[in-house]
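Undergrad: Provided below for reference: sequence and predicted model.
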Amino acid sequence: MTPHPTLHSNGVPISVTPDLFGPLTPSADLFREGDADALRARLRADGYLYLPGVLDRAEVLRLRGAYFSLFPAGYLAPGTDPEDGVFSGSVPAGLPAYGVAGHPAHTFVRSEPFLRFLRAPRLAGLAETLLGGGVEMLPRRILRHFHRGSDRASRAHVDLDYMDGASPQVLTTWIPVGDCPPRTGPLVYLEGSHTLAPEEYAPLRDTTDRPDDRRPISHDLERTARHLGRRWLWTDFSAGDLMVHVPQIIHASLDTTTDAMRLSVDVRFMRSGDAPDARWLRPWSADDGA
């Protein structure tokens, strides 16, 4: 991984130093060996599984191209392929707000190519292995899309705070739909944070860029890491990589500063028969309030 002196999240800089950043531990070998016990043990210990190269790269890139081909002329850089997802630097007039009805993201999560990709047996099979039984994929499947200049990223948070009243027996799978090195804005995970009690990070919520929303922990990743004495774990993600994490681990994303746009999918699996948050039983829309 190429070192970077400074990164940003939600426009706030974070220094790239050994006390603030460390590498994700890959577990693709355990996945390919079919070692269910070792995978479950690694997930309990680390709170995540980083599985590089377990999905078909060409299939992931086709999905990327299918999405970016839905945008009007002028959004992609001239002479580039939709599969590359290169931002022109300008949002065409009249494009609806991101993820609401009429925007390509809203349309795409309801499309057959998107649903067919997520119905791949490998995803549900992995969730069944990790949760120890039958699973259901929650219908609210989120498409995240960021371009340079937006200074918009996922704040430090835990997934369980966004799933009111739901069973904690849930897993998130995060799929980068395209190559996603640090400057393209991938997820980062706070080391060992799934073992923290909520009271330990609650004080961070008192300084926030969203005072009316108590769900995010902080938009300031360096402050979060220093307050909790833990590193952010990261890697150079590639198309075909897969992340799985528990709902108690603190994670966030970096800002997108590359011409290539960040595109990813969040999918959550719950054990069959467990109680879901009712808001997660409908297809995602960016204005659904969940």
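TA: All right, it came through fine. Residues are numbered from 1 along each chain as shown.
Undergrad: secondary structure class for the residue of the chain positioned farthest from its centre?
TA: Using C-alpha atoms, centre = their mean, the residue of the chain lying farthest from its centre is Gly79. It sits 29.0 Å away. Classification of Gly79 using DSSP: H, G, I helix; E, B strand; the rest coil returns coil.
Undergrad: contacting residues for it?
TA: Counting by C-beta atoms under 8 Å, 6 or more residues apart in numbering, Gly79 makes contact with nothing. For every residue, glycine as well, the C-beta is placed using N, CA and C.
Undergrad: got it, and Pro139?
TA: Applying C-beta under 8 Å, 6+ apart to Pro139 gives the contacts Trp280, Leu281, Arg282, Pro283.
Undergrad: picking that back up, need the phi and psi values for the residue farthest from the centre of the chain.
TA: In this entry, Gly79 is assigned phi and psi values of phi 80, psi 10 (degrees, to the nearest 10).
Undergrad: before we move on, the earlier item: give the buried subset of the contacts of Pro139 as a ChimeraX selection command.
TA: Here is the ChimeraX command that selects the buried residues among the contacts of Pro139 (16 or more other C-beta atoms under 10 Å):
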select :280
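Undergrad: Which one of the contacts of Pro139 is nearest to Leu143?
TA: Top of the list for closeness to Leu143, among these and by C-beta to C-beta, is Pro283 at 10.6 Å.
Undergrad: quick one: the closest one and Val109 touch, right?
TA: Yes - judged on C-beta atoms under 8 Å, Pro283 makes contact with Val109 at a distance of 6.0 Å.
Undergrad: Please enumerate the shared neighbours of the two.
TA: Listed contacts common to Pro283 and Val109 are Arg141; contacts here mean C-beta under 8 Å, 6+ apart.
Undergrad: What pLDDT does the model give the residue farthest from the centre of the chain?
TA: In this model, Gly79 is scored at 95, pLDDT.
Undergrad: Likewise for Thr2?
TA: Model confidence at Thr2, expressed as pLDDT, equals 49.
Undergrad: can you check Pro52 too?
TA: In this model, Pro52 is scored at 98, pLDDT.
Undergrad: what do you get for the one 4 residues further on?
TA: Reported pLDDT at Asp56 in the predicted model: 97.
Undergrad: So for the residue nearest to it when sequence neighbours are not counted, what's the pLDDT?
TA: The shortest distance from Asp56 to any non-neighbouring residue, by C-beta to C-beta, 6 or more residues apart in numbering, is to Gly240 (6.6 Å). The pLDDT attached to Gly240 in the predicted structure is 97.
Undergrad: before we move on, back to that, show only the entries of the contacts of Pro139 found in strands.
TA: With DSSP state E as the criterion, strands contain none of the contacts of Pro139.
Undergrad: Serialize the contacts of Pro139 to JSON lines and add fields for distance to Leu263.
TA: Rendered in JSON lines, the data for the contacts of Pro139 read as follows (distance: C-beta to C-beta, whole Å):
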{"residue": "Trp280", "distance to Leu263": "21"}
{"residue": "Leu281", "distance to Leu263": "25"}
{"residue": "Arg282", "distance to Leu263": "22"}
{"residue": "Pro283", "distance to Leu263": "18"}
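Undergrad: Name the nearest of the contacts of Pro139 relative to Phe146.
TA: Taking C-beta to C-beta as the measure, Phe146 sits nearest to Pro283 out of the contacts of Pro139, at 20.7 Å.
Undergrad: what's near enough to touch that closest one?
TA: Val109, Arg110, Pro139, Arg140, Arg141.
Undergrad: Swap in 7 Å and give it another go.
TA: When contacts are counted by C-beta atoms under 7 Å, 6 or more residues apart in numbering, Pro283 is found next to Val109, Arg110, Pro139, Arg140.
Undergrad: and the two most separated of those?
TA: Of all pairs drawn from those, the greatest distance, 11.7 Å, lies between Arg110 and Arg140 (C-beta to C-beta).
Undergrad: any low-confidence regions in the stretch 1-150 of the chain?
TA: Segments of the stretch 1-150 of the chain classed as low confidence (criterion: pLDDT under 70) are 1-4.
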